[in-house]
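[1] Sequence and predicted model, in that order:
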Amino acid sequence: MYINSDTVIDGRSHSEDTQSNELPALKNILVTGGAGFIGGWFLRHMLQTYGDRYVVVCFDNLDYCASTNNFKTVSHFTNFHFVKGDVCAPKDVEGVFRDYHIDVIVHFAARSHVDNSLYDPLSFTQTNVIGTQVLLETARKLGSIKRFIHVSTDEVYGENDAQSPIAFTEEQSLHPTNPYSASKAATEMIIQAYRKSFRMPLIIVRCNNVFGPHQYPEKSDLELIPKFITLLKQGRKMPIHGDGRTCRAFLWAGDAAEALDVIFHQGSDGETYNISSNNHLQVREVAEKIFRCFHVNGTDGLDRWVELVADRPFNDSMYWTDDSKLRALGWKQRTDFDKALQTTVDWYCRDAEGFWPNLSGVGDNRIAVDGDPIAEGYCN
Ligand SMILES: NC(=O)c1ccc[n+]([C@@H]2O[C@H](COP(=O)([O-])OP(=O)(O)OC[C@H]3O[C@@H](n4cnc5c(N)ncnc54)[C@H](O)[C@@H]3O)[C@@H](O)[C@H]2O)c1
C-alpha cells in the first residue's frame, strides 16, 4: 500500500516531487493498449531488444482500431502474454495485476481520435480519465507498482502562437481545446494528485504526432498520414481541413519507442517528459510529400488529389514542444522524415490490407514488422 494522503506532508513544488532516478528492479510490464499503434511498437521494441529480461503483458479490449497483428511477430516469446480486458473495469484490471504480478505499467490505452471526441466527448472522458484512474486505484490498493508511465500528448498544452512560437517546456500550464485533449489533461491532473497524495512512482510523457506502419487509417488529424495514403491508394482525394496551414510535428514510431525505452529505464519518478520531433510540417506539405511518393515525377496534378473541407470549429494551429529534459537522458530523434514516410507508404500499399479485422478490403494478410525488408517501388 502506498503512503496515505493523511500522512503526506504536502506543499512541495513539482520538481521537488521528483524522486531518485535509480531504476527499481522491474520485471513484469503491463502494456495497456498494446494491440494499438504506439503500444504495439513499444512492446515489440521491448521484446526484440531485451529478449527475456522482462515479462510483457499486453492488456487491451480490442477496440475498433486494435489488431492482434500488432503483436503477431512477438507472440512466440514465452515471456509475452495477451489479456483481453477493459481498463475501465476494476475486476479486469485487478485480475491482470494479480495473475502476472505486475510491477510496472506503460499506459497507452485511450480513445485518441480528435474528430470522434467532438461527436462523443463523454466516451473519451470515460476511457481516458476513468480508465486511467481505475489503473491508479488498483495500483494504489495493491501497492506493488514500482513505475507507472502514462502516455499523454502535446495537445494538452493547446496551440502555440503560430506568429511568434515558443517551444513549450513541461512546466507550461495546460490549455486543451478539444474534448480529447481535455480528457488527457484531466487525466494528468489526477496523476499529479496521486503523485502528491500517495507518493506513487508516476511519470507523464507528452508526445508529438507519431506516424509509421500499423496505424489505423480511417481517422484524421493524428492519423492524417495513414488516412491520406489509404485514400490515394484507393484513387480518392485527400481532404484537408481549412487552408491546410495547420502545422504538426511528426515523429517516426521507432523513434517514439526508443524514447519510451529511455524514459522507462532512465526517467525519474514524478517527472514529465516531452517527446518532440524536429519535423514540423503543414498539413498541405504532408499531403504533397505523400502525393510525391505515389507520383515520383513532381507535384503536377496535386490539386486534383486534394479537397479543401470545412475546418473544425477550433483547430490548434501548431504544437511545438521542448524535449531538452529527454535529450539530457541520451535520447535523440534518429529517423529522416522523408525516408520514414516512404517506408510508411510502402507498408500501407503492400501490407495494410487485412491487418485490421474491421477495416474493409480484406487482403492477403501479409504482415510487415520492424526489420522486415520494405518492398521497393510505388503503389501505382
Ligand atoms: N498516435 C499519436 O500520434 C499519439 C501522439 C501523442 C500521444 N498519443 C497517445 O498514445 C496512446 C496510444 O495512441 P495510439 O495512436 O497508439 O492509439 P490506438 O488507437 O492505435 O491504440 C489505442 C489502444 O487502446 C485500446 N483501448 C481503447 N480503449 C480501451 C479500454 N477501455 N481498455 C483497454 N484497451 C483499450 C484499443 O483497443 C487500442 O488497441 C494514447 O494514449 C494517445 O493519447 C498518441
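    Right, received. Where do you want to start? Just so it is clear, the structure is predicted and the values come from calculations on it, not from any experiment.
[2] Residue of the stretch 1-150 of the chain nearest the ligand, please.
    In the stretch 1-150 of the chain, the residue that lies nearest the ligand is Gly36 (2.0 Å; CB to the nearest ligand atom). (Glycine included, C-beta is placed from N, CA and C.)
[3] Contact partners for that residue?
    Gly36 is in contact with 60, 63, 65-66, 70, 108-109, 216, counting by CB atoms under 8 Å, 6 or more residues apart in numbering.
[4] Turn those into a markdown table, including distance to the ligand and secondary structure.
    Shown next, in a markdown table, are the contacts of Gly36 (distance: CB to the nearest ligand atom, whole Å; DSSP: H, G, I helix; E, B strand; the rest coil):
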| residue | distance to the ligand | secondary structure |
| --- | --- | --- |
| Asp60 | 4 | strand |
| Asp63 | 3 | coil |
| Cys65 | 4 | coil |
| Ala66 | 3 | coil |
| Asn70 | 7 | helix |
| Phe108 | 4 | coil |
| Ala109 | 4 | coil |
| Tyr216 | 5 | coil |
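[5] and which of these is nearest to Gly254?
    Asn70 (14.2 Å; CB to CB).
[6] which residues are there in the stretch 151-300 of the chain that come within reach of the ligand?
    151, 153, 184, 207, 209-210, 216, 222 (CB under 6 Å from any ligand atom).
[7] what about 8 Å?
    Residues of the stretch 151-300 of the chain lying near the ligand by CB under 8 Å from any ligand atom: 151-155, 180, 184, 206-211, 215-216, 222-223, 251.
[8] Which residue ranges of the stretch 101-250 of the chain form strands?
    104-107, 147-153, 202-207, 209-211, 238-241, 247-252 (DSSP state E, counting those that start in this stretch).
[9] Least confident of these, on average?
    Note on the strands of the stretch 101-250 of the chain: strand 238-241 shows the lowest mean pLDDT, a mean of 88.
[10] Pull out the buried residues from it.
    Across strand 238-241, burial judged by 16 or more other CB atoms under 10 Å covers 238-241.
[11] Then stretch 120-135?
    Taking 16+ other CB under 10 Å as the criterion, stretch 120-135 shows 124-125, 127-129, 131-135 as buried.
[12] Just to be sure, His81 is in a strand?
    Yes: the assignment for His81 by DSSP: H, G, I helix; E, B strand; the rest coil puts it in a strand.
[13] pLDDT below threshold where in the stretch 1-150 of the chain?
    1-22 (pLDDT under 70).
[14] Within range of the ligand, give me the residues from it.
    32-40, 59-67, 70, 85-89, 92, 107-113, 127-128, 131.
[15] Select only the buried ones of these in ChimeraX?
    The ChimeraX command for the buried members of those (criterion: 16+ other CB under 10 Å) is given here:
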select :32,33,34,35,36,37,38,39,40,59,60,61,62,63,65,66,67,70,85,86,87,88,92,107,108,109,110,111,112,113,127,128,131
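[16] Tell me which of the residues of the stretch 1-150 of the chain next to the ligand fall in helices.
    Per DSSP state H, helices hold the following members of these: 37-40, 92, 131.
[17] Just send the residues you listed back as JSON lines, with distance to Ile190 too.
    Output for these, formatted as JSON lines (distance: CB to CB, whole Å):
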{"residue": "Phe37", "distance to Ile190": "24"}
{"residue": "Ile38", "distance to Ile190": "21"}
{"residue": "Gly39", "distance to Ile190": "20"}
{"residue": "Gly40", "distance to Ile190": "26"}
{"residue": "Asp92", "distance to Ile190": "19"}
{"residue": "Gly131", "distance to Ile190": "11"}
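[18] Closest to Ala287 out of these?
    Minimum distance to Ala287 across those is 20.6 Å, recorded for Phe37 (CB to CB).
[19] Checking Cys349 next. Helix, strand or coil?
    Strictly by three-state DSSP, Cys349 counts as helix.
[20] I'd say it and Lys233 touch.
    Yes: between Cys349 and Lys233 there is a contact at 5.9 Å, judged by CB atoms under 8 Å.
[21] can you pull the alpha-carbon coordinates of the helix or strand Thr344 falls within into CSV?
    Using DSSP states H and E, Thr344 sits within helix 337-351. The C-alpha coordinates for helix 337-351 follow below in CSV (Å, rounded to 0.1, in the frame of the first residue of the first chain):
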residue,chain,number,x,y,z
PHE,A,337,11.1,12.1,-42.2
ASP,A,338,11.1,11.6,-46.0
LYS,A,339,12.6,8.1,-45.7
ALA,A,340,10.3,7.2,-42.9
LEU,A,341,7.3,8.5,-44.9
GLN,A,342,8.3,6.3,-47.9
THR,A,343,8.6,3.3,-45.7
THR,A,344,5.2,4.0,-44.3
VAL,A,345,3.7,4.5,-47.8
ASP,A,346,5.2,1.2,-48.9
TRP,A,347,3.8,-0.7,-45.9
TYR,A,348,0.3,0.6,-46.5
CYS,A,349,0.4,-0.3,-50.1
ARG,A,350,1.8,-3.7,-49.6
ASP,A,351,0.7,-5.0,-46.2
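[22] Measure how buried the closest residue to Ser317 other than its chain neighbours is and give me the count.
    Excluding the flanking residues, the one nearest Ser317 by CB to CB, 6 or more residues apart in numbering is Ala162, at 4.2 Å. Ala162 has 13 neighbouring residues, counting by other CB atoms under 10 Å.
[23] pretty sure Ala162 contacts Trp320?
    No: look at Ala162 against Trp320 with CB under 8 Å: they stay out of range, at 9.4 Å.
[24] The nearest residue to Asp338 once chain neighbours are set aside in helix, strand or coil?
    Nearest non-adjacent residue to Asp338, counting by CB to CB, 6+ apart: Lys289, 6.9 Å away. Classification of Lys289 using three-state DSSP returns helix.
[25] Can you give me every residue that contacts the closest residue to Ala89 other than its chain neighbours?
    Leaving aside its sequence neighbours, Ala89 sits nearest to Val134 (CB to CB, 6+ apart; 7.3 Å). Val134 makes contact with 87-90, 93, according to CB under 8 Å, 6+ apart.
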